[in-house]
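**Student:** One predicted model, sequence on top.
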Amino acid sequence: MLSRLLALTLFVPLLAQAACTRPLRVPFEDWRPYSFMADGRHTGLETELLAAVAKEAGCRLSYVREVPRNRRLPMLLAGELDLLIAATPVPEPGAWYTRPYRDEVLGVFMRADEARMDVRSLDELLRAGLRLVTHRGPASVAIINDFRARGLLTWFEEYAKGVQLMQLGRGDVLLGDSVAIAFAARAADVPLIELPITLLRDPVTYKLSRKSLTEADLRAFNRAIQHLEASGELQRIRARWLGQAGLKR
């Protein structure tokens, strides 16, 4: 009896450190081709990547709908959400960051019949007096403020809207996530060409709540990402979706 009690006592701490003791709450976002609903099913590049990583880590997922974008980080820090996708690591005492699992690439596009393939910087397009259309996400690109100061900036929230603005001639240059722009342009049958301008290519990670999760969860995610990269599974998922978007990266 004593030996059985001792075994149970030793087992309790292991249970306390087990990863993913409940489904992880993740905000749903209609962000094509990363995350969206199709035929009643949640799909997309980010959806498939996270599903593979969570399964490898022994975790289940629970998507939370109707979470405003500006509420997601406060909810994560409060422990009301457990995980955010596509996070760029920054000093944040209330969160952990996993290993990177894909790259984020910002691209610059123009209409096919007006594309200036000889330019190498946004500054050249600014000097030419062209109007920039961009998502609010990449506002960290400093020159965006220069376009705004000259009255040459139009914001959009959804990538489909950004492509529509280009189609209607409401902008000359479209800046944003390369994959999302290419996917939206293809879906709307709007011929856009990506210019040879290097803006940003950075790895992104999963952002985990320190309030609701443990370091065991972080370790489980890191091991899962490492294993799936080594096996080639994450690369296969990325390649399939990038090919659908018309990109070869």
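**Tutor:** Good, I have the coordinates. Everything quoted here is computed from the prediction, not taken from an experiment.
**Student:** Residue ranges in this protein under the pLDDT threshold?
**Tutor:** Along the chain, the model assigns pLDDT under 70 to residues 1-18, 137-140, 244-249.
**Student:** how about the helices of it, start to end?
**Tutor:** Counting by DSSP state H, residue ranges of the helices within the chain are 2-16, 45-57, 69-77, 122-127, 143-149, 159-167, 178-188, 215-231, 233-244.
**Student:** Just send the ones you listed back as a markdown table, with distance to residue 89 too.
**Tutor:** Glycine gets a C-beta too; all of them are placed from N, C-alpha and C. As requested, those are exported to a markdown table (distance: least, C-beta to C-beta, whole Å):
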| stretch | distance to residue 89 |
| --- | --- |
| helix 2-16 | 27 |
| helix 45-57 | 17 |
| helix 69-77 | 14 |
| helix 122-127 | 25 |
| helix 143-149 | 22 |
| helix 159-167 | 24 |
| helix 178-188 | 20 |
| helix 215-231 | 13 |
| helix 233-244 | 18 |
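**Student:** domain parsing for this protein?
**Tutor:** What automatic domain parsing lists as the domains of the chain is 18-102+204-244, 103-200.
**Student:** For these, give me TSV that also has mean neighbour count.
**Tutor:** Written out in TSV, the entries for these read as follows (neighbours: other C-beta atoms under 10 Å):
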stretch	mean neighbour count
domain 18-102+204-244	17
domain 103-200	17
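**Student:** that older thread, identify whichever of the helices of the chain lies nearest to residue 103.
**Tutor:** Comparison of the helices of the chain against residue 103 by C-beta to C-beta identifies helix 233-244 as nearest, at 8.9 Å.
**Student:** Other residues contacting the closest one?
**Tutor:** Taking C-beta atoms under 8 Å, 6 or more residues apart in numbering as the criterion, the residues outside helix 233-244 that touch it are 33, 44-45, 48-49, 52-53, 101-102, 179, 183, 225, 228-229, 248-249.
**Student:** May I have that helix as CSV, with CA atoms only?
**Tutor:** As requested, the backbone C-alpha atoms of helix 233-244 are provided in CSV (Å, rounded to 0.1, in the frame of the first residue of the first chain):
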residue,chain,number,x,y,z
GLU,A,233,5.3,18.2,-42.9
LEU,A,234,5.2,22.0,-42.3
GLN,A,235,7.0,22.6,-45.6
ARG,A,236,4.5,20.4,-47.4
ILE,A,237,1.6,22.4,-46.0
ARG,A,238,3.2,25.8,-46.8
ALA,A,239,4.1,24.7,-50.3
ARG,A,240,0.6,23.5,-51.1
TRP,A,241,-1.0,26.8,-50.0
LEU,A,242,1.6,29.1,-51.5
GLY,A,243,1.1,27.2,-54.8
GLN,A,244,-2.6,27.9,-54.6
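**Student:** wait, isn't residue 19 in contact with residue 57?
**Tutor:** Yes - counting by C-beta atoms under 8 Å, residue 57 is a contact partner of residue 19 at 6.3 Å.
**Student:** what touches both of these two?
**Tutor:** In terms of C-beta under 8 Å, 6+ apart, residue 19 and residue 57 are both contacted by the residues 217, 220.
**Student:** Report the contact partners of the residue nearest to residue 209 when sequence neighbours are not counted.
**Tutor:** Counting by C-beta to C-beta, 6 or more residues apart in numbering, residue 209 lies nearest to residue 76, which is 4.8 Å off, once chain neighbours are set aside. Taking C-beta under 8 Å, 6+ apart, we find residue 76 in contact with 82-84, 94-95, 207, 209, 211.
**Student:** Find the residue closest to residue 60 in space, skipping its chain neighbours.
**Tutor:** The spatial neighbour of residue 60 that comes closest, neighbours along the chain excluded (C-beta to C-beta, 6+ apart), is residue 23 at 4.2 Å.
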